[in-house]
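Colleague: Below are the sequence and a predicted model for it; my questions follow.
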2 protein chains.
Amino acid sequence: MASQGHTLKAFDEDLDRLRALITEMGGRAEHAIIEAMRCLSERDGDAALRVIEDDKRIDALEVETERRVIQLIALRAPMAGDLRDVVAALKISGVVERIGDYAKNIAKRVPLLEDAGKIEPLSLLPEMARIAVGMVHDVLNAFVQRDADAAVRVCQRDKAVDDFYDSIFRTLLTHMMENPHIIGQSAHLLFVAKNLERVGDHATNIAEMVYYAATGQHMADRVKGAEGLSR
Amino acid sequence: MASQGHTLKAFDEDLDRLRALITEMGGRAEHAIIEAMRCLSERDGDAALRVIEDDKRIDALEVETERRVIQLIALRAPMAGDLRDVVAALKISGVVERIGDYAKNIAKRVPLLEDAGKIEPLSLLPEMARIAVGMVHDVLNAFVQRDADAAVRVCQRDKAVDDFYDSIFRTLLTHMMENPHIIGQSAHLLFVAKNLERVGDHATNIAEMVYYAATGQHMADRVKGAEGLSR
C-alpha cells in the first residue's frame, strides 16, 4: 500500500490532470463561439464547416473527462472537499460540452444567412459573444484556482449579456417588421442571440458549481441578472 | 464491518432511492411541460405562474440528488457498473432539471401571448410537446429498469419531434410575413417550439447515458434524427 502522503499526492496529480482537461475543453469551446460569430459576420461558410467538425473533439474530451472521473473515484476514493471537486469537474465538463454545441448551432446557420444582405443587429452580436465567452473563460479559471469570489464576480456580469439580448431581440423584431422578405434570416439571428444568452447562463451555472466545490455552500445570494420578459 | 452481502444490499437500497428521486423529478418536469403548454393554449396566466413557482421544487430535487450521490460514493465506494449507474443518476438529474427550466421558460411567455388572437401553429405545439414528454417519460423508465434497448427506441422517436419543429418553424415564418403586427408573439412561439425540440434532444442525451450505464459501451450507432437545416 502507498503511504497516505503518497496517495494524496497521486490524487492531486489526477485532479490537476482533470482540471487541465477542462481547461482545454473550455479553450476550444471559447474559440468555437468566437470563430462561429466571425463566420457569421463574414459569411465564411467554409470555416463554419470546420467549427462544426471541431465540435467532435469537444465531445470526445467530455467522454474522456467522465472516464477519468470514474477511474479517479474508483482508485482514490476521494472524500469531502476532494469528492466535491471531482463531481464538479464532471458536471462542468457537461456544461462546457453544451457551450460547444451552441457554437456548432451558430456555425450551422452561416450558410442560411448568405443572401441576407446587411442586417443591422448582426453588428451587436459579436460584442455580446465576447462578453459571454469572457465569462466562460474567467469561470473556468476560477474553477482551476478554486476561487469562490471570482465565481461570484462572473455571475454579476450575466446582467450585461441579458441586456444585450433584450436589446438585440427588440431590434430584430423591428427589423423583421420593416423587412418581411428576410424574416427567415432574422429568425436565425434571434436564435443566435438566444444561444449567446444561454452561454452566459451556463457560465453562471458553472460559477455556482465552482462556488459549491470550493466552499461546500450553495451560492447564497445568487447574483444572476434579473430575467427580462423577452426571454 | 458489515458483510459484503450486507453492503451490497445497502448499496442497492441507496441506488433505488436515487432512482426514485429521479423518477419524481422526471414526473414533475413532464407535468410542467404539459401544463405550460395548456397555459399557453388557454392563455391561463395564473396557472403559468404556478408552473414557474413549482420549478423551484425540481431544482431542489437536483440538489438533493447530488447530495445523495456524493454521500453514496463516500459511504459505499461503488465500483464498475455500480459507479457508472451512480454517475449516470447525477448527470440525468442535471438534464431533467434543464427540462424543468424549459417548462418555466414556456410558462413565462404565456402573458406575452394574451393579446395575440388566433395563431395557427399554436395548435401543433401541444402535440409536439406530447411526443417530447413521452420520450422523457420512457427514457427515465429505461433508466430505472436498466433497459438499453428501450433507450435506443427512445432515440428513434426524436426524428418525429425534429420534423414537427421544422414544420412549425416554416409555418410560423409564413405567419409572421402575413401578420407583421404580431411578429413579436410569433417570435415567442418560435422559442417555444425550439424549447420542445430541445426537450427531445435532452431525452436523447439521457438515452445515451442510460445505454452507457447499462452496458458500459457508448451507443454505437446513434439513432438521432438527422438535424434539419432550420435548427
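Modeller: Done, it's in.

Colleague: So which bits of chain A are right by chain B?
Modeller: Residues of chain A found near chain B (Cβ under 8 Å from any Cβ of the partner chain) are A:63, A:66, A:69-70, A:73-74, A:77, A:79-80, A:83-84, A:87, A:90-91, A:94, A:105, A:108, A:111-112, A:169, A:173, A:176-177, A:180, A:183-184, A:187, A:190-191, A:194, A:218, A:227, A:229-231. Heads up, the C-betas are built off the backbone N, CA and C, glycines and all.

Colleague: Now which of those residues would you call buried?
Modeller: Buried members of the residues of chain A next to chain B, counted by 16 or more other Cβ atoms under 10 Å in any protein chain shown: A:66, A:69-70, A:73, A:83-84, A:87, A:90-91, A:94, A:105, A:108, A:112, A:169, A:173, A:176, A:183-184, A:187, A:190-191, A:194, A:227, A:230-231.

Colleague: burial count for residue A:118?
Modeller: As a burial measure, residue A:118 scores 6 neighbours (other Cβ atoms under 10 Å in any protein chain shown).

Colleague: same check, this time on residue A:14
Modeller: Neighbours around residue A:14, by other Cβ under 10 Å: 19.

Colleague: any idea which helix or strand carries it?
Modeller: helix A:4-42 (DSSP states H and E).

Colleague: And that helix, what does it pack against?
Modeller: Here helix A:4-42 touches helix A:45-76, helix A:80-109, helix A:125-144, helix A:183-215, going by 3 or more Cβ pairs under 8 Å, 6 or more residues apart in numbering or on different chains; DSSP states H and E.

Colleague: and the residue nearest in space to the middle of chain A, what does it touch?
Modeller: Chain A has residue A:99 as the residue nearest its centroid, 4.0 Å off, counting by Cα atoms, centre = their mean. Residues in contact with residue A:99, defined by Cβ atoms under 8 Å, 6 or more residues apart in numbering or on different chains, are A:29, A:33, A:136, A:199, A:202.

Colleague: Farthest pair within the residues you listed?
Modeller: A:33 and A:202 (11.0 Å; Cβ to Cβ).

Colleague: who touches both of the two?
Modeller: Each of A:99, A:136 lies in contact with both residue A:33 and residue A:202 under the rule Cβ under 8 Å, 6+ apart.

Colleague: mind checking the backbone torsions on residue A:114?
Modeller: The phi/psi pair for residue A:114 (degrees, to the nearest 10) reads phi -60, psi -40.

Colleague: Test my guess that it contacts residue A:43.
Modeller: Yes. Shown here, residue A:114 and residue A:43 form a contact pair, counting by Cβ atoms under 8 Å, at 5.3 Å.

Colleague: what angle do the helix or strand bottoming out on mean pLDDT in chain A and helix A:125-144 make?
Modeller: Ranked by mean pLDDT, DSSP states H and E, the weakest helix or strand in chain A is helix A:4-42, scoring a mean of 90. If you take axes from the mean of the first three to the mean of the last three Cα atoms, to 10 degrees, helix A:4-42 sits at 180 degrees to helix A:125-144.

Colleague: Could you tell me how far helix A:4-42 lies from the centre of the chain?
Modeller: Averaged C-alpha coordinates place helix A:4-42 at 12 Å from its chain's average position (Cα atoms, centre = their mean, to the nearest Å).

Colleague: again, but for stretch A:169-182
Modeller: That offset, for stretch A:169-182, works out to 28 Å (Cα atoms, centre = their mean).

Colleague: Next: stretch A:140-147.
Modeller: 15 Å.

Colleague: Report the residue spans of chain A with pLDDT below the cut-off.
Modeller: A:1-7, A:116-117, A:220-231 (pLDDT under 70).

Colleague: let's go with 80 and repeat that
Modeller: A:1-8, A:114-122, A:220-231 (pLDDT under 80).

Colleague: And stretch A:161-169, what's buried?
Modeller: In stretch A:161-169, the ones that count as buried by 16+ other Cβ under 10 Å are A:161, A:162, A:164, A:165, A:166, A:167, A:168, A:169.

Colleague: mind checking how far the nearest residue to residue A:207 once chain neighbours are set aside is from residue B:69?
Modeller: Nearest non-adjacent residue to residue A:207, counting by Cβ to Cβ, 6 or more residues apart in numbering or on different chains: residue A:151, 4.1 Å away. Using Cβ to Cβ, to the nearest Å, we find residue A:151 at a distance of 21 Å from residue B:69.

Colleague: Also residue A:42?
Modeller: In terms of Cβ to Cβ, residue A:42 sits 45 Å off from residue B:69.

Colleague: Residue A:195 too?
Modeller: Counting by Cβ to Cβ, the gap from residue A:195 to residue B:69 is 30 Å.

Colleague: who's in contact with residue A:114?
Modeller: Here residue A:114 is in contact with A:43, A:45 (Cβ under 8 Å, 6+ apart).

Colleague: still on that earlier bit, tell me which helix or strand the residue nearest to residue A:207 sits in.
Modeller: Secondary structure from DSSP H and E places residue A:151 in helix A:148-156.
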